[in-house]
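1. Have a look; sequence and predicted model below, questions after that.
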Amino acid sequence: MTDKETVGLFLKRDESALEAARRSFGAYCISLAFNVTGDRRDAEKCFADALHTAWNSIPPLEPNDLGAYVAKLTRNFALETLRRRRAKKRGGGEAPLPLDEAVCVASDSDPVDRAAASELASAINAYLALRPQYQRVIFTMRYFRCERVADIAAALHRSPGSVTAVLGKLKKGLEKYLKERGFEL
């Protein structure tokens, strides 16, 4: 079943949309959440919460890329799960994220925050478009999928040191690129 057909089922409020989304995106989204939380049960719950949120938001929302939408929801639930877990364990401390939280998470309730986050996301995408594909892949694996450097290195047949070097270069370059465009970091 295609994304468009699955979105159509969501729009018709057909509950088979949930099963179609589970079959299409479940393995990827649970893996994504597991990379963040490190716990299989938490990862599965994050994916279930993402499907519930998708069900409640479609309609009126009609995402062009359902997989990316569900993955983003899953990732956000996983990050929130990690923050809550760390806050309990560390007496209220922040969960460390691979990329600055301001870049990754915007308030859903504040239109100004959403607009700023959208501008920032566009600037990050423009920066990444200027980079070679292998750098974009490394960046995405680390900062969106939250994969460990060792896992990225193994998947791309590179040394962990070279992956770390690429990530460091990308972060420095991105910071410079964003500052030149007026973003405060």
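-> Sure thing, it's come through.
2. ok, for Ala160, nearest residue in space, not its chain neighbours?
-> Slight slip there: residue 160 is Pro, not Ala. The shortest distance from Pro160 to any non-neighbouring residue, by C-beta to C-beta, 6 or more residues apart in numbering, is to Ala153 (4.4 Å). Quick note: C-beta positions are derived from backbone N, CA and C, even for glycine.
3. mind checking how far the one you found is from Asp65?
-> Applying C-beta to C-beta, to the nearest Å, the value for Ala153 to Asp65 is 28 Å.
4. which residues of the protein score low on pLDDT?
-> 88-114, 185 (pLDDT under 70).
5. Which stretches in it count as helices?
-> With helices called from DSSP state H, the chain shows them at 3-11, 16-37, 40-57, 66-90, 101-104, 111-129, 133-143, 149-156, 160-180.
6. The first one: which residues count as buried?
-> Residues of helix 3-11 classed as buried by neighbour count (16 or more other C-beta atoms under 10 Å): Asp3, Thr6, Val7, Leu9, Phe10.
7. same check, this time on the fourth one
-> Residues 66, 69-83 are the ones in helix 66-90 that count as buried (16+ other C-beta under 10 Å).
8. who's in contact with it?
-> Helix 66-90 has contacts (C-beta atoms under 8 Å, 6 or more residues apart in numbering) with 3, 6-7, 21, 24-25, 28-30, 32-33, 35-37, 42-43, 45-47, 49-51, 53-54, 63, 93-95, 97, 104-105, 144, 146.
9. Outline the domain layout of this structure.
-> With domains defined by automatic domain parsing, the chain comprises 3-90, 101-180.
10. among those domains, which is the most enclosed?
-> Comparing these by mean neighbour count (mean count of other C-beta atoms under 10 Å), domain 3-90 comes out on top with a mean of 17.
11. distance between that domain and the chain's centre?
-> Computed by C-alpha atoms, centre = their mean, to the nearest Å, the chain-centroid distance of domain 3-90 equals 11 Å.
12. End to end on stretch 147-165, go ahead and measure it.
-> Criterion C-alpha to C-alpha, to the nearest Å; first-to-last residue distance in stretch 147-165 is 16 Å.
13. Show me how far it is from its chain's centre.
-> 19 Å.
14. So which of the buried residues of helix 3-11 is the closest to Gly161?
-> Set against Gly161, the nearest of the buried residues of helix 3-11 by C-beta to C-beta is Asp3 (38.1 Å).
15. List the contacts of that closest one.
-> Asp3 sits next to Ser24, Asp65, Leu66, Gly67 when contact means C-beta under 8 Å, 6+ apart.
16. And for Ile138?
-> Taking C-beta under 8 Å, 6+ apart as the test, what Ile138 contacts is Ile152, Leu156, Val163, Val166, Leu167, Leu170.
17. Right, I'll call it a day here.
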